[in-house]
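In: make a model of this:
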Amino acid sequence: MDGYGGIRLEIVKIPRMEKAEYDRLIEEGYVSRIAFGGDRYPYIAPFLYVFDGKFLYFLSTKYGRKNDLFRQNPYVSVEVEKYTKDLSSYTFVTMQGYLVQEEDAITKKMVREKFVKMIKEKKLSPNILAALGHKPTEPIDAIATEEYTNIWKLTGVVDIVALKNL
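Out: Residues are numbered from 1 along each chain as shown. Predicted structure coming up:
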């Protein structure tokens with residue numbers, strides 16, 4: 001007996017997204033979650049990101065557990081999601097790869113400017129500056145001129161799972 005009065009239920013698999021669909025999801029988004037390997041348990045933290053069409057870039061304060069875990073093991077899982085309030089529509093993509101710290105001065109300047117532009121375009125609260133090592137009373141442009149954060153780039157992606165509602 002299957003517990004449903006003899007009716008056999010079929011498992012429904014969530015459809016996969018095509019590359020163009022998950023690229024659009026990533027391009028439209030700006031908040032991700034990064035799962036770092038921990039000593040015993042994974043450590044998950046939210047990160048703002050920008051996408052240049054090829055790589056995701058993250059700003060990370062230069063202190064905290066995430067920095068220690070990054071130095072110990074840069075292999076991570078990154079998740080980006082979008083859903084409606086009632087969950088009638090949802091999409092998400094997870095990517096497994098590793099983070100590298102960006103050291104090229106030109107790239108760092110470009111990425112910092114992308115963050116400033118994204119924060120202004122999305123009309124994010126100045127309170128987000130505290131998550132980036134800045135005082136909320138500072139001008140948003142300070143992100144591009146002050147190096148209070150490290151810039152991490154997701155690279156070496158070996159697996160992408162991108163799913164959407166039916």
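In: which of the residues in the top helix by length along the chain are buried?
Out: Among the elements of type helix in the chain, defined by DSSP state H, the one spanning the most residues is helix 105-121. With burial defined by 16 or more other CB atoms under 10 Å, the residues of helix 105-121 counted as buried are 108, 110-112, 114-116, 118-119. Bear in mind the C-beta positions are built from the backbone N, C-alpha and C, glycine included.
In: the protein: helices as residue ranges?
Out: For the chain, the helices defined by DSSP H occupy 19-28, 65-72, 105-121, 142-145.
In: closest to the centroid, which residue in the chain?
Out: For the chain, the residue lying nearest the average C-alpha position, counting by CA atoms, centre = their mean, turns out to be S32 (2.6 Å).
In: let me see the contact set for L129.
Out: With contacts defined as CB atoms under 8 Å, 6 or more residues apart in numbering, L129 is in contact with 135-136, 138, 140, 142-143.
In: re the thing from before, which one among the buried residues of helix 105-121 gets closest to A162?
Out: The shortest distance between A162 and any of those, using CB to CB, involves M118 and amounts to 21.4 Å.
In: residues in contact with that closest one?
Out: Contacts for M118 were tallied using CB under 8 Å, 6+ apart; they are 30, 48, 50.
In: mind checking how far it is from Q101?
Out: When distance is defined by CB to CB, to the nearest Å, M118 is 20 Å away from Q101.
In: kindly report the same for A35.
Out: In this structure, A35 and Q101 are 18 Å apart, going by CB to CB.
In: those two: which has the busier surroundings?
Out: Between A35 and Q101, counting by other CB atoms under 10 Å, A35 is the more crowded of the two (17 against 14).
In: in contact with the more buried one, which residues?
Out: If a contact means CB under 8 Å, 6+ apart, then A35 has 42-44, 76-79 as its contacts.
In: which of the residues you listed are buried? Put it as a PyMOL command.
Out: What follows is the PyMOL syntax for the buried subset of the contacts of A35, where burial is set by 16+ other CB under 10 Å:
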select buried, resi 76+77+78+79
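In: just put the contacts of A35 in CSV and tack on pLDDT and distance to N67.
Out: Shown next, in CSV, are the contacts of A35 (pLDDT from 0 to 100; distance: CB to CB, whole Å):
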residue, pLDDT, distance to N67
P42, 94, 16
Y43, 95, 11
I44, 96, 15
V76, 97, 13
S77, 98, 18
V78, 98, 17
E79, 98, 20
